[in-house]
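Asker: Sharing a sequence plus its predicted fold:
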2 protein chains.
Amino acid sequence: MTVTLADVAARAQVSPATVSRVLNGNYPVAASTRERVLKAVDELDYVLNGPASALAAATSDLVGILVNDIADPFFGIMASAIQAEIGGPGGRAGGERLAVVCNTGGSPERELTYLTLLQRQRAAAVVLTGGAIEDAAHQAAMDAKVRKLTEAGTRVVLCGRPPAPDTGAIALTFDNRGGGQELTEHLIGLGHRRLGYIAGPEERTTTRHRLEGHRAALAAHGIEEDPGWTVHGRYDRRSGYEATLELLRRDPSLTAVVAANDSVALGACAALRDSGLRIPEDVSVAGFDDLPFSIDAVPSLTTVRLPLAEAGARAGRIAMGREEAPPGGIASVRGELMVRGSSGVPRTS
Amino acid sequence: MTVTLADVAARAQVSPATVSRVLNGNYPVAASTRERVLKAVDELDYVLNGPASALAAATSDLVGILVNDIADPFFGIMASAIQAEIGGPGGRAGGERLAVVCNTGGSPERELTYLTLLQRQRAAAVVLTGGAIEDAAHQAAMDAKVRKLTEAGTRVVLCGRPPAPDTGAIALTFDNRGGGQELTEHLIGLGHRRLGYIAGPEERTTTRHRLEGHRAALAAHGIEEDPGWTVHGRYDRRSGYEATLELLRRDPSLTAVVAANDSVALGACAALRDSGLRIPEDVSVAGFDDLPFSIDAVPSLTTVRLPLAEAGARAGRIAMGREEAPPGGIASVRGELMVRGSSGVPRTS
DNA sequence: AACGTGACAGCAAGCGCTTTCTATACAGGA
DNA sequence: TCCTGTATAGAAAGCGCTTGCTGTCACGTT
């Protein structure tokens, strides 16, 4: 059998209670006793039984991080920053927490089920990253679940996701609308008047907000948008490639392509090149997020930098109660326009 | 207070035992009773207490996935594939498991602590991904921990990591040596005789094996290697950039640069371009892993494709006991040479 | 008519901890 | 000297669930 607290207690000639106190360090124990206990723990190679202690103490050291796609660096970077702050091992002593990343794959059901699973584990905190799914029923279900979690004492932080009012969750929202607007305004400023837009999946807040920003910029400059200039796709390179070909087919006179994110933009670049078009001489391209590889594209990508790591770190700290929540429980995080080689003045055909 | 099994039992007018059996579905319960119970569960919005059931049943539904760097798609892709197989939510019914990704950041201590944490949670299985750290003391500690886990009934699978003999762990190893050799042989075949090598961090099995493969290829073709042709760095773009500049400084006559992985190769490309060198006309570049962005580099990257998703999926299945372990508990997974635009014949200066 | 036999359901004993309350011992103060 | 305060250790009552074992019926058998 595995070693239990009682075994350690017997070996150290103390009561189980004392061993527990030594291990938790939340009660005075004479130095000599503590040493004896620690020695016994070491000799027996004792490992605390997590479930048992969680049950007895009615708390757990699990912290959940939900991401849409763990293979996407957008989420990887945030998750990494969050986890670093949660502590996990290596953090400050004592508060050793198991920060776990759960991959929803963008599926509403998985999202809910993971939340239930975390609720079941009595997680200490949960961080939800990335855009939310815009489905009334799903959102109501999510909100209800989140409310239940916060009511049970689990701290819930939304990182890069719109606020969920009246759920007790704290939100660190990305200003996708503002970023999208700034980006498109940059292109308009260069002289572009015919801009294609490759949007992400529909029914996603991120998709909608970025697109809204784009359109706001067009409207602000009196540019009438052709419905054919917008194509929806997934947040990946492949989708960007295909969408760009489609865009080109619909309107070869486009002088710029704005993508929902950097991966999509990369796909767009590939499609343009394969179509014999030069970037940015023939067509300008812009992305969003400024993931690490974006600067390595040729030409390097004009994009909006989102402070993913910083936001993640802050979300992690808030989840751990080490940083105060923003006033009103909501903070908006701005992006920064990064003008690089992929955008230039439109061709004068 | 939160709802407990007893509350549900009271409402459904049955004993707690019956509720438990309905929920676990591992004991005959009359259909009418089951329905009554399920109705009560629903009405009360009951969520099982994970720790309590783990304690009582002496098993948990947690599966741990250890990765070196979650922000790196290399690990993200594997983690995603593993998690998809583990089931997590969305998998086959009943066996709902919480697949959790733990980010070690490449730190030996974290690696060990996470293993302890998982052991503490009585994890059902653990998958360790990526290269191991080559430090005798650390390896001994890891092996001991792994042995303890397997002895306690936790299935341990190594994915892309060298076997750990006598620990009970199952290994799916990447043939880094073979891949490295094949890659370099490709370059030699093109006519290159002066090849720089940007290795990963020292004391890592992955680093060592890839480098060994490279050197084996050189040796096989009677090419004497200059010690200055190898530079060590991290597995990231930045490191590749700097290492390339250093390589160029040491020996401007190099006609090819082989990188430890694709990110490093991308950095190398950037450094070469910034130095006014064309790829592959002046210098050929090769990477390793074939991550999604590699095909989008300009020119697209010659590299060795590692079946990350496939290997991860298989590791996940083995961890879940849904696939038989390979004979001897060890399987080697081969990479595939992808010849693309970044490699060509050497310049004839 | 007596009895074995399934099919269910309930009892109750833990699982291995935490924590409240109580006990002991010794020190100092009156 | 007696009392009280302080520091430390132990006893024991759970935490909420699982599960072996013990009923209890309603039948089909002989």
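Answerer: Yes, it's here.

Asker: Tell me the residues of the stretch 1-150 of chain A that contact DNA strand D?
Answerer: By the rule CB under 7 Å from any atom of the strand, the part of the stretch 1-150 of chain A lying against DNA strand D is A:13-18, A:28-30, A:32-33, A:55-56, A:58. Bear in mind the C-beta positions are built from the backbone N, C-alpha and C, glycine included.

Asker: can you map out the strands along the stretch 101-250 of chain A?
Answerer: Using DSSP state E, counting those that start in this stretch, the strands of the stretch 101-250 of chain A run over A:125-129, A:155-159, A:170-174, A:195-199, A:230-232.

Asker: ok, and which of those strands has the densest surroundings?
Answerer: Comparing the strands of the stretch 101-250 of chain A by mean neighbour count (mean count of other CB atoms under 10 Å in any protein chain shown), strand A:125-129 ranks first with a mean of 27.

Asker: Whichever of the residues of the stretch 1-150 of chain A next to DNA strand D end up buried, select them in ChimeraX.
Answerer: In ChimeraX syntax, the buried subset of these is picked out as below (16 or more other CB atoms under 10 Å in any protein chain shown):
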select /A:14,18,29,33,55
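
Asker: Rank the residues of the stretch 1-150 of chain A next to DNA strand D by pLDDT and give me only the lowest.
Answerer: Taken together, these show their lowest pLDDT at A:Pro28, with 87.

Asker: what's the distance between it and chain B?
Answerer: A:Pro28 is 25 Å from chain B, where distance means CB to the nearest CB, to the nearest Å.

Asker: next one: A:Asn68
Answerer: Counting by CB to the nearest CB - A:Asn68 and chain B are separated by 11 Å.

Asker: per-residue confidence averaged over stretch A:287-300?
Answerer: The model assigns stretch A:287-300 a mean pLDDT of 91.

Asker: and that stretch, is it in reach of chain B?
Answerer: Yes - using CB under 8 Å from any CB of the partner chain, stretch A:287-300 reaches chain B at A:Pro292, A:Phe293, A:Ile295, A:Asp296, A:Ala297, A:Val298.

Asker: so the last one sits right up against B:Val298, yeah?
Answerer: Same thing as A:Val298. Yes - using CB atoms under 8 Å, A:Val298 makes contact with B:Val298 at a distance of 3.9 Å.

Asker: need the strands of the stretch 101-250 of chain A in TSV with mean pLDDT, can you?
Answerer: What follows is the strands of the stretch 101-250 of chain A, written out as TSV (pLDDT from 0 to 100):
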stretch	mean pLDDT
strand A:125-129	97
strand A:155-159	97
strand A:170-174	97
strand A:195-199	98
strand A:230-232	97
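
Asker: per-residue pLDDT, the nearest residue to A:Arg208 once chain neighbours are set aside?
Answerer: Residue nearest to A:Arg208 in three dimensions, not counting chain neighbours: A:Glu134, with 6.8 Å by CB to CB, 6 or more residues apart in numbering or on different chains. What the model reports for A:Glu134 is a pLDDT of 95.

Asker: Contact partners for A:Glu134?
Answerer: A:Glu203, A:Arg204, A:Thr205, A:Arg208 (CB atoms under 8 Å, 6 or more residues apart in numbering or on different chains).

Asker: returning to what we had before: out of the strands of the stretch 101-250 of chain A, nearest to chain B?
Answerer: Across those, chain B has its closest neighbour in strand A:125-129 (12.1 Å, CB to the nearest CB).

Asker: So what are the sheet partners of the closest one and their directions?
Answerer: Here strand A:125-129 has these sheet partners by DSSP bridges: strand A:62-67 (parallel), strand A:155-159 (parallel).

Asker: and chain A, which residues reach DNA strand C?
Answerer: Counting by CB under 7 Å from any atom of the strand, the residues of chain A near DNA strand C are A:1-2, A:4-6, A:16-17, A:20-21, A:23-24, A:26-27, A:46, A:48-49, A:52-53, A:55-57.

Asker: quick revisit: between the residues of stretch A:287-300 next to chain B, which sits nearest DNA strand C?
Answerer: Among the residues of stretch A:287-300 next to chain B, A:Pro292 lies closest to DNA strand C (CB to the nearest atom of the strand), at 41.3 Å.

Asker: Got phi/psi on the closest one?
Answerer: Main-chain dihedrals, A:Pro292, degrees, to the nearest 10: phi -50, psi -40.

Asker: Counting neighbours, which of the residues of chain A next to DNA strand C end up buried?
Answerer: For the residues of chain A next to DNA strand C, buried by 16+ other CB under 10 Å: A:Thr2, A:Thr4, A:Leu5, A:Ser20, A:Arg21, A:Leu23, A:Tyr46, A:Leu48, A:Asn49, A:Ala52, A:Ser53, A:Leu55.

Asker: Can I get the residues you listed in a markdown table including distance to A:Leu306 and secondary structure?
Answerer: As requested, those are exported to a markdown table (distance: CB to CB, whole Å; DSSP: H, G, I helix; E, B strand; the rest coil):
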| residue | distance to A:Leu306 | secondary structure |
| --- | --- | --- |
| A:Thr2 | 46 | coil |
| A:Thr4 | 48 | coil |
| A:Leu5 | 47 | helix |
| A:Ser20 | 45 | helix |
| A:Arg21 | 46 | helix |
| A:Leu23 | 42 | helix |
| A:Tyr46 | 45 | coil |
| A:Leu48 | 39 | coil |
| A:Asn49 | 41 | coil |
| A:Ala52 | 42 | helix |
| A:Ser53 | 39 | helix |
| A:Leu55 | 40 | helix |
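
Asker: near chain B, from the residues you listed?
Answerer: Answer for those near chain B (CB under 8 Å from any CB): A:Thr2, A:Leu48, A:Asn49, A:Ala52, A:Leu55.

Asker: give the contact list for the fourth one.
Answerer: Taking CB under 8 Å, 6+ apart as the contact definition, A:Ala52 lies against B:Pro51, B:Leu55.

Asker: ok, now with 6 Å
Answerer: B:Leu55 (CB atoms under 6 Å, 6 or more residues apart in numbering or on different chains).

Asker: again with the last one
Answerer: Shown in contact with A:Leu55 (CB under 6 Å, 6+ apart): B:Pro51, B:Ala52, B:Leu55.

Asker: how close does the last one get to A:Ser343?
Answerer: What it means is B:Leu55. Distance, B:Leu55 to A:Ser343, by CB to CB, to the nearest Å: 59 Å.

Asker: what sits against A:Lys39?
Answerer: A:Lys39 touches nothing, counting by CB under 6 Å, 6+ apart.

Asker: and the residue most central in space within chain A, bridged to which residues?
Answerer: Centroid check for chain A by CA atoms, centre = their mean gives A:Thr129 as the closest residue, at 3.3 Å. According to DSSP bridges, the residues that bridge with A:Thr129 are A:Cys159.

Asker: which residue sits closest to the residue in the stretch 151-300 of chain A positioned nearest to DNA strand D in space, ignoring its chain neighbours?
Answerer: In the stretch 151-300 of chain A, the residue that lies nearest DNA strand D is A:Ala152 (11.1 Å; CB to the nearest atom of the strand). The shortest distance from A:Ala152 to any non-neighbouring residue, by CB to CB, 6+ apart, is to B:Thr2 (6.5 Å).

Asker: A:Gln119 versus that neighbour, what's the distance?
Answerer: 10 Å.

Asker: where does the stretch 101-250 of chain A dip in pLDDT?
Answerer: Across the stretch 101-250 of chain A, nothing is flagged by pLDDT under 70.

Asker: how about the helices in it?
Answerer: Using DSSP state H, counting those that start in this stretch, the helices found in the stretch 101-250 of chain A span residues A:108-120, A:136-151, A:176-190, A:205-220, A:237-250.

Asker: relative orientation of the third one and helix A:205-220 in degrees?
Answerer: An angle of 40 degrees separates the directions of helix A:176-190 and helix A:205-220 when computed by axes from the mean of the first three to the mean of the last three CA atoms, to 10 degrees.

Asker: From the contact counts, what lies against helix A:176-190?
Answerer: helix A:205-220 (3 or more CB pairs under 6 Å, 6 or more residues apart in numbering or on different chains; DSSP states H and E).

Asker: what number of residues lie near the residue in the stretch 151-300 of chain A that DNA strand C sits nearest to?
Answerer: DNA strand C sits closest to A:Gly153 of the stretch 151-300 of chain A, with a gap of 13.2 Å, by CB to the nearest atom of the strand. Burial of A:Gly153 is recorded as 12 neighbouring residues (other CB atoms under 10 Å in any protein chain shown).
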